[in-house]
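Asks: Here is my input; please provide its structure:
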Amino acid sequence: MSLATLTNAGRAAFALSLSQQPLHIALAQGLPEWEDTEAPLPDTVTMTALTNELGRRVPNIVGFVLPDDEGGIVISEGLDANGEVHTTRYRMVNDPTPYLYMQVAYDLTDAPSGTIRQMGIFVGTKVKEGLPPGQRFFAPDEIEEQGLLLAVEILQPAIPRNPQVRQMVEFVLPV
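Replies: Predicted structure coming up:
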């Protein structure tokens, strides 16, 4: 018996299912040695938690996108061998696709200090009861169950948090 092939429609079904779950985008300080581009980085595939998490926020937008050379959503794929930024463009669509899009804008008071070296997307986070209604940012001590770490990124260079700058982050998660 051979393995079945997961179709694009099947991937879109997974993306739809994920979009309907509690999602949070987390910030973490990681480790200072990660800023050395020559230092070995941890194996992100096996991670289940972030290192020195500062908190997590509910995304402002969760939806679906498709690759589009003229699209208005621009995601960095990192630097190429020549040191140039490589990007991929996407456009929003209404129907589920294999590309789950999330956007979050951190408030000025969300983890206002520290250096962000790691970000992660969590699914299934449960926050503690009794928190203010409508709260969207949760410090680690306000989380009852962290959920599953769905995706993780180590940022090089790191991003210093600044309480005078409202940082916005976009993720496209190919499913």
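Asks: Bridging across strands, which residues link to the residue most central in space within the chain?
Replies: Nearest to the mean C-alpha position of the chain, by Cα atoms, centre = their mean, lies Ile121 at 4.1 Å. Judged by DSSP bridges, the bridge partners of Ile121 are Ile25, Ala151.
Asks: all helices for this structure, in order.
Replies: 8-19 (DSSP state H).
Asks: strands paired with the helix or strand of it with the lowest mean pLDDT, and their directions?
Replies: One helix or strand of the chain scores below all others by mean pLDDT, DSSP states H and E: strand 73-79, with a mean of 88. Partners of strand 73-79 in the sheet, by DSSP bridges, are strand 85-93 (antiparallel).
Asks: and the strand it pairs with, how far out from the chain's middle?
Replies: 15 Å (Cα atoms, centre = their mean, to the nearest Å).
Asks: and if you look at stretch 164-173?
Replies: 9 Å.
Asks: Just the CA trace of that stretch, in CSV.
Replies: Provided in CSV are the C-alpha atoms of stretch 164-173 (Å, rounded to 0.1, in the frame of the first residue of the first chain):
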residue,chain,number,x,y,z
GLN,A,164,7.2,54.4,21.3
VAL,A,165,6.8,52.1,18.2
ARG,A,166,3.8,49.9,17.5
GLN,A,167,5.3,46.9,15.8
MET,A,168,3.2,45.0,13.3
VAL,A,169,4.1,41.5,12.1
GLU,A,170,2.7,39.4,9.3
PHE,A,171,3.0,35.7,8.8
VAL,A,172,2.1,33.4,5.9
LEU,A,173,2.0,29.8,7.0
